[in-house]
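Colleague: Got a sequence here, can you model it:
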Amino acid sequence: MKLQCDVEVIHRMLPTYGLKNRGRGTRAVLSIGKHLDKTTRRNNIYLMICTQKDRAGSKYKADANSLKNFLSAARLAHRGSDSDTLPLSTLTPVRARDVERPKKKLAILSKKDYPLTSNFPYSLEQLQVSYCKLSRVDMRMLSLKSLRCLDLSNNHIKKLPETIGDLGCLAELVLHNNHLETFSAALCLSSLQRTLKLLDLSRNRLHALPDQFCQLRELISLKLDNNLLERMPSRIGQLSKLRSLSASHNKLPFLPAGFRQLSLENLDLFGNPFAQPNSLDHTMRLTFPLALQEMASRAVLDLRIPFGPHLIPAHLCKELELAKTCDCGRTVVDAFIQMVVSMNLHLVSHMVVLVDDMGSTEAPVQRYFCSLACYSQFLDICLRRGVR
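Modeller: Okay, here's the model as predicted:
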């Protein structure tokens, strides 16, 4: 949609610098159309003004609802409708807030400043609400569809609403120093899968994270310090974009096998009660011969045969999704040999914070073997290294 007209762009800040507007319009083409916002990766409605000097045009983001009402009134006037029947208000000077730039950032750092009767500005992209003693997430925050960063640190929040997953632009979620005891699987399966890059759950009361947590595959930074974690998600290695992980001062006895697949820049696991592994201690869950279900499950995974609840029972789908990988590359489901071995954390991270006060950078990690042959081969390697 294009309109040829004389346009004058008035810069409200010019008087601040002792400058004046030109006071006359310039011949231009005024366009209304869609444009891809590189930040949110969404198409938004813009006004574009092209002049002789600027044929590429200058773009101005427009509020869709306001623009729709404006164009509807203009269309009715163009059709010659009676002015008394047009849905028009009387022309009056605008309020100061009507000509202010949309508010993008807001920080509330005390309970007395928390808004009780007014809404949060819908244009917010960054919102921090800290030290307000919130016991739950205010549902008004969940209507802020442009929100990219939500910081609710230093409150008393016990549970997160699943509707946080409806914030389609949310890239950073900071929940440091709250009372969280769980992080729901529903959040891991929401739109946060595609947007969330930073998650801070440090200083809470988490005992575990759901297995679905590894669906948050856009995560770059994850903070889990000072919780009560007794285990990490078994398939944490699926977080291929993760570069910074801190989980110090938890109750982790060992790390999951998938931990070896990570490629980090920074890693902090200080203050966990890691046990000294013994290469001869193992858990035997192999059966001879293998059960038919185990053989079928391994075949489905190794041959990458599609599966889902529309094809097989849901509980079998969950077992397949939580399958382990042997050192030989084959998958195992319920029949395997499990053991815990020591791993130098520099194998998965460039920078490593010492694990304990003794200066160690090693931690115990789970290993799985699909057969006695693979297990024996691994023990032989361990013995040869011991001789050396």
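Colleague: Please make it C-alpha for all contacts and neighbour counts, starting now.
Modeller: Fine.
Colleague: can you map out the strands along the stretch 201-350 of the chain?
Modeller: Secondary structure of the stretch 201-350 of the chain (DSSP state E, counting those that start in this stretch): strands at 221-223, 244-246, 264-268, 283-284, 324-325, 331-332, 337-344, 349-353.
Colleague: what packs against the very next helix or strand once past the last one?
Modeller: Which is strand 349-353. Heading C-terminal from strand 349-353, the first helix or strand you meet, by DSSP states H and E, is strand 362-369. Judged by 3 or more CA pairs under 8 Å, 6 or more residues apart in numbering; DSSP states H and E, strand 362-369 is in contact with strand 324-325, strand 337-344.
Colleague: ok, and what's touching strand 362-369?
Modeller: 253-257, 259, 274-277, 324-327, 332, 336-345, 355, 375 (CA atoms under 8 Å, 6 or more residues apart in numbering).
Colleague: same question, stretch 265-284
Modeller: When contacts are defined by CA under 8 Å, 6+ apart, stretch 265-284 is touched by residues 243-254, 336-342, 349-356, 363-364, 379, 382.
Colleague: Touching, Glu218 and Ser191? I think so.
Modeller: No: in this structure Glu218 lies outside contact range of Ser191 using CA atoms under 8 Å: 11.0 Å.
Colleague: returning to that earlier point: of the contacts of strand 362-369, select the buried ones using a PyMOL command.
Modeller: Buried residues within the contacts of strand 362-369, by 16 or more other CA atoms under 10 Å, are selected in PyMOL with:
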select buried, resi 253+254+255+256+257+259+274+277+324+325+326+332+336+337+338+339+340+341+342+343+345+355+375
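Colleague: List the contacts of Lys111.
Modeller: When contacts are counted by CA under 8 Å, 6+ apart, Lys111 touches Tyr131, Cys132, Lys133.
Colleague: swap the cut-off to 10 Å and go again
Modeller: Going by CA atoms under 10 Å, 6 or more residues apart in numbering, Lys111 touches Val129, Ser130, Tyr131, Cys132, Lys133, Leu134.
Colleague: now those residues: which count as buried?
Modeller: Looks like those have Val129, Ser130, Tyr131, Cys132, Leu134 buried, using 16+ other CA under 10 Å.
Colleague: What distance do you get for the fourth one to Phe378?
Modeller: In this case it means Cys132. Distance from Cys132 to Phe378, counting by CA to CA, to the nearest Å: 54 Å.
Colleague: so what's the backbone phi/psi at the residue sitting nearest the centre point of the chain?
Modeller: The structure's the chain has its C-alpha centroid closest to Leu196; by CA atoms, centre = their mean the separation is 1.4 Å. Note on Leu196: backbone dihedrals following degrees, to the nearest 10 are phi -70, psi 120.
Colleague: That one reaches Ala171, doesn't it?
Modeller: Yes: assessed by CA atoms under 10 Å, Leu196 is found in contact with Ala171 at 4.1 Å.
Colleague: Pull up the overlap in contacts between the two.
Modeller: Common contacts of Leu196 and Ala171, defined by CA under 10 Å, 6+ apart, comprise Arg148, Cys149, Glu218, Leu219.
Colleague: So what's the residue count around the first one?
Modeller: So that's Arg148. If you count neighbours by other CA atoms under 10 Å, Arg148 ends up with 22.
Colleague: again, but for the last one
Modeller: Counted with other CA under 10 Å, the burial measure for Leu219 works out to 24 neighbours.
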